[in-house]
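> The sequence and its predicted three-dimensional model are supplied below.
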Amino acid sequence: MSEFMQGLKRSCMCGEVNESMIGKEVVLMGWVGRRRVLSHLTFLLLRDKTGIVQVVVDENGASDDIIEKEKSIRSEYVVAVRGIVQAREESNINPSMKTGKVEISVAELRILSESETTPFPIEESVNINTELRLKYRYLDLRRPNVASNIVIRHKTAQIVRQFLSDEGFIEIETPMLTKSTPEGARDYLVPSRVHPGNFYALPQSPQLFKQLLMVSGFDRYFQIVKCFRDEDLRADRQPEFTQIDMELSFIDIDDVIDINERLIKKVFKEIKGIDIKTPFERMPYKEAMERFGSDKPDVRFGMELKNITEIVSGSDFKVFQDAIDNGGSVRAINAKGCGSFPRKKIDALVDVAKTYGAKGLAWINVLDEGFKTTISKFFDDDKITEIVKMLDGESGDLILICADKNSIVFDALGALRIDIAKKLDILNDNDFKFLWVTEFPLFEYSEEENRFVAKHHPFTSPMDEDLDIIESSPENARAKAYDMILNGCELGGGSIRIYQQEIQKKMFKALGFSEEDAQERFGFLLEAFKFGAPPHGGLAFGFDRLIMLITGAESIRDVIAFPKVKDASCLLTEAPDVVDKKQLDELAIDIKNIEINEN
């Protein structure tokens, strides 16, 4: 034990001190948050991970040693305090503090560690530059609101582990160093010293291993596991992230959905005290796109897309007609009450649509006396009235119209409805709207690769009724895939897997894989399937994203202890960094065409 702590043992945590302890002696240890002097009294706010409590030094009764130490203390000094719990005077009670009815009268004070002035105040309400916070993340984590997110993360993980264990799941670790199977996002590669020129890949998910565990007969597997994807970042994405991963044998879609609805219901009840209503709404992918322009629709508000292609078809308006002739569509949303938007705001909405590929937007401002619109040259009042009627337009509404190929129309209008909802401040973060999006396309066409690729992965099972069109009409084949959506965020997703060899061969053929390709990429899994594979399926939650939504954080960076920034670097450790040439030589790696700083 440190000489500074000899004879002292912490009796409780700062946030645990309460009225039942009045008159008792306690020993507390923590960081000094604030120092305030009032006449002969000095007040210190002492903080640890459980909360804050007020400590009082009375110079009229304190020893010279305590007074001398108290006068030298500054913010973020680490101290030990022994004293008596006493009730605060009625006028001094602080209702915003959990310990606001009590304080500690100091009988002994020890300085355990001094602190330099911190780069920012260790307080909740201070607005701090994100880069500065992450550079000194260990200080940021002292702030109670940030620390609270990490505690909630821990509690949620404990609930998940207990729930799944009670449901018969076995927690099994899968490898971090594995084989690269390029068919999804970009892999993080790890060079092998023992096998020069060969590389491991960090797992994008435990997908293949969890399917092998089903072949192994474990029946129900789960893991709270790190995954890695080398892709561009955004608010809810990190290069390394955590999944709640699970796989089950001898089940169907309803079984997977039931277990996960009950899991989420339990998490929200125990963490938030909220009773989530089950079962969740289910919505086929096609309906989600048609109504909301997104496969992860936010259903907290309306502003749904309407297809006005038939109404405007055959017009002289080239923008609309070209979209229709090229197999696209003309769709619209009604921004209720936005008719008062000035032209500058409408132009900003057009810019939003353009970022998603749209060439522009047409619009109709619904007025008491008629309409103000950009398409009056091409459509008479009766036709415009028909459009407005289909959109349930009323005076004061702003109808926004997009014409292009369907993917662009969906993306642009889907993004616009979210942007407008944020501008109108109608999104309530405490209104948790869950739903399942089902019947995803089995394939999507890659312009880059000039072929169909798997929408999820090559082992996703097709819908039974679509088995016969996998090769003949792959664009219409649907998958036994399902995503859980919460307030416009994909919380988790999964599928029923292919376990029969003849169906897997069909799938590979549709993807353009030869038998040699399939064997090269997935040989060890295909080999395992020869020895009796059970019907199986699973789901993986984005654990970071779940905690972000539970806590109301703006980014998953706020719920990860040591996150990366947008360029996938760590401001705290300055990773990634160069390494010694000796290390590169051991790995048979030669770096070319870039300058290496060897200092």
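Perfect, thanks for sending it.
> in its sheet, what does the helix or strand hosting V437 sit against?
Secondary structure from DSSP states H and E places V437 in strand 434-438. Using DSSP bridges, strand 434-438 pairs in its sheet with strand 281-284 (parallel), strand 481-486 (antiparallel).
> Could I get the buried residue list for the shortest one?
Spelled out, that is strand 281-284. Across strand 281-284, burial judged by 16 or more other CB atoms under 10 Å covers M283. (C-beta placed from N, C-alpha, C; glycine too.)
> And stretch 292-303, by the same measure?
By 16+ other CB under 10 Å, the buried positions in stretch 292-303 come out as 292-299, 301, 303.
> of those residues, closest to Y356?
Nearest to Y356 out of these is G293 (CB to CB; 9.5 Å).
> Tell me the secondary structure at the nearest residue to the closest one once chain neighbours are set aside.
With sequence-adjacent residues excluded and distances taken as CB to CB, 6 or more residues apart in numbering, G293 is closest to G414, at 2.7 Å. Counting by DSSP: H, G, I helix; E, B strand; the rest coil, the backbone at G414 sits in helix.
> hang on, G414 packs against F292?
Yes. Applying CB atoms under 8 Å as the test, G414 and F292 come out as touching, 6.0 Å apart.
> what is in contact with the two at once?
L305 (CB atoms under 8 Å, 6 or more residues apart in numbering).
> where along the stretch 301-450 of the chain do the strands fall?
Ranges of strands in the stretch 301-450 of the chain, per DSSP state E, counting those that start in this stretch, are 306-307, 329-335, 362-367, 370-373, 398-404, 434-438, 443-446.
> which one of those is the most hemmed in?
strand 398-404 (a mean of 26; mean count of other CB atoms under 10 Å).
> So which residues make contact with that one?
With CB under 8 Å, 6+ apart as the criterion, strand 398-404 contacts 308, 319-320, 322-324, 328-335, 338-339, 341, 346, 349, 353, 357-359, 361-366, 375, 387-388, 391, 393, 408-409, 412-413, 416.
> Kindly recompute the last result at 7 Å.
Strand 398-404 has contacts (CB atoms under 7 Å, 6 or more residues apart in numbering) with 319-320, 323, 328, 330-335, 338-339, 341, 349, 353, 358-359, 361-366, 387-388, 391, 393, 409, 412-413, 416.
> got the contact list for P576?
Contacts of P576 (CB under 7 Å, 6+ apart): S569.
> pLDDT score assigned to it?
We have a pLDDT of 95 for P576.
> Then E598?
48.
> Can you check which strand is longest in this structure?
Ranked by number of residues, the top strand in the chain under DSSP state E is strand 25-38.
> would you list every one of the helices in the stretch 1-150 of the chain?
Secondary structure of the stretch 1-150 of the chain by DSSP state H, counting those that start in this stretch: the helices cover 64-72, 130-135, 137-140, 144-166.
> With just CA atoms, put the shortest one into CSV.
Which is helix 137-140. This file holds the C-alpha atoms of helix 137-140, laid out as CSV (Å, rounded to 0.1, in the frame of the first residue of the first chain):
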residue,chain,number,x,y,z
ARG,A,137,-10.0,10.8,-23.7
TYR,A,138,-8.9,9.6,-20.3
LEU,A,139,-9.9,13.1,-18.9
ASP,A,140,-13.1,13.2,-21.0
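> so who does G414 touch?
Listed by CB under 7 Å, 6+ apart, the contact partners of G414 are 292-294.
> swap the cut-off to 10 Å and go again
By CB atoms under 10 Å, 6 or more residues apart in numbering, the contact set of G414 is 288-289, 291-298, 305, 333, 356, 488.
> centre of the chain versus stretch 44-56, how much separation?
32 Å (CA atoms, centre = their mean, to the nearest Å).
> so K433 touches N487, yeah?
Yes. Using CB atoms under 10 Å, K433 makes contact with N487 at a distance of 5.8 Å.
> Find residues that contact each of those two.
Residues touching both K433 and N487 (CB under 10 Å, 6+ apart): 297-300.
> Kindly reformat the residues you listed as TSV containing secondary structure and pLDDT.
What follows is the shared contacts of K433 and N487, written out as TSV (DSSP: H, G, I helix; E, B strand; the rest coil; pLDDT from 0 to 100):
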residue	secondary structure	pLDDT
P297	coil	97
D298	coil	97
V299	coil	97
R300	coil	96
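> hmm, back to that, can you check which of the strands paired with strand 434-438 gets nearest to K101?
strand 481-486 (37.7 Å).
> Export only the CA atoms of the closest one, formatted as CSV.
Extracted C-alpha coordinates of strand 481-486, given in CSV (Å, rounded to 0.1, in the frame of the first residue of the first chain):
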residue,chain,number,x,y,z
ALA,A,481,-33.3,-11.7,-44.4
TYR,A,482,-34.5,-9.3,-41.7
ASP,A,483,-33.3,-6.1,-40.1
MET,A,484,-34.4,-4.7,-36.8
ILE,A,485,-34.9,-0.9,-37.2
LEU,A,486,-35.1,1.7,-34.5
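> And the next helix or strand past it?
strand 489-496.
> counting contacts, what elements does that next one pack onto?
With contacts taken as 3 or more CB pairs under 10 Å, 6 or more residues apart in numbering; DSSP states H and E, strand 489-496 sits against strand 240-249, helix 253-272, strand 434-438, strand 481-486, strand 536-542, helix 543-551.
> All good on my end, thank you.
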